[in-house]
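Participant: Following is a predicted model, sequence given first.
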Amino acid sequence: MKVAFELDKSVEEIHVNIIDSNYSKKTMNLMEYIENFENNQNVLSIKHDDSIHIIAQEDIELLEVNGGEVTIVTASDEIVTINRLYRLMEKLNMSDFIQVSKSSVINMNALVKLETYFSGTMLAILKCGRKVNVTRTYLVNLKKKLNI
């Protein structure tokens, strides 16, 4: 990938042009990353009971759906919120997070190891000690992200 910068003092906002030989998944991911660049924050604000928790994204190890609630797991705390997993994913810096099942998203920086499980699935072991099932559907993306 080649990156270039051109200074033009007459431009009022940044313009990004992506030139590729085809419209690939990599191109789409790059465009999505750039479009969400200004929206991504380093914290996640979560409403819980009568308060709002501010959690640094780097502290989040796991987001897991249980019933109609999402549990956000850090090394020292678990916060339960009535929210949709996909809504929380929209707020996360997805270069650090990856969905590993229909109901779980992990922080790649919290991943300690992967263990084989049954029926072609794997277990992701996180720094906090939690074991998370990685389903076959999402295992392909996790392997790509880990360069396996």
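Facilitator: Cool, got the structure. What you are looking at is a predicted structure, and each value in this text was computed from that prediction instead of being measured.
Participant: To which secondary structure element type does the residue nearest to S95 when sequence neighbours are not counted belong?
Facilitator: If the residues on either side of it in the chain are set aside, S95 comes closest to Y33, at 7.2 Å by CB to CB, 6 or more residues apart in numbering. C-beta coordinates here come from the backbone N, C-alpha and C atoms, glycine included. Secondary structure for Y33, judged by DSSP: H, G, I helix; E, B strand; the rest coil, is helix.
Participant: now the strands for the protein?
Facilitator: 43-48, 51-56, 60-66, 69-74, 78-81, 97-101, 104-107, 111-116, 122-126, 131-134 (DSSP state E).
Participant: Mind listing what's buried along the fourth one?
Facilitator: So the one you mean is strand 69-74. Using 16 or more other CB atoms under 10 Å as the test for burial, strand 69-74 gives V70, I72, V73, T74.
Participant: can you put the residues you listed in a markdown table and add pLDDT and distance to K131?
Facilitator: A markdown table is the format used below for the buried residues of strand 69-74 (pLDDT from 0 to 100; distance: CB to CB, whole Å):
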| residue | pLDDT | distance to K131 |
| --- | --- | --- |
| V70 | 95 | 18 |
| I72 | 95 | 17 |
| V73 | 96 | 12 |
| T74 | 93 | 17 |
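Participant: What score does I54 have for pLDDT?
Facilitator: In this model, I54 is scored at 89, pLDDT.
Participant: do L44 as well
Facilitator: 86.
Participant: Which residue is the nearest non-sequential neighbour of it?
Facilitator: I55 (4.9 Å).
Participant: circling back: can you say which of the strands of the chain is nearest to N141?
Facilitator: strand 97-101 (6.3 Å; CB to CB).
Participant: State the mean pLDDT of that closest one.
Facilitator: Averaged over strand 97-101, pLDDT sits at 95.
Participant: what are the pairing partners of that strand, and which direction each?
Facilitator: strand 104-107 (antiparallel) (DSSP bridges).
Participant: chain center to the partner strand, what's the gap?
Facilitator: 7 Å (CA atoms, centre = their mean, to the nearest Å).
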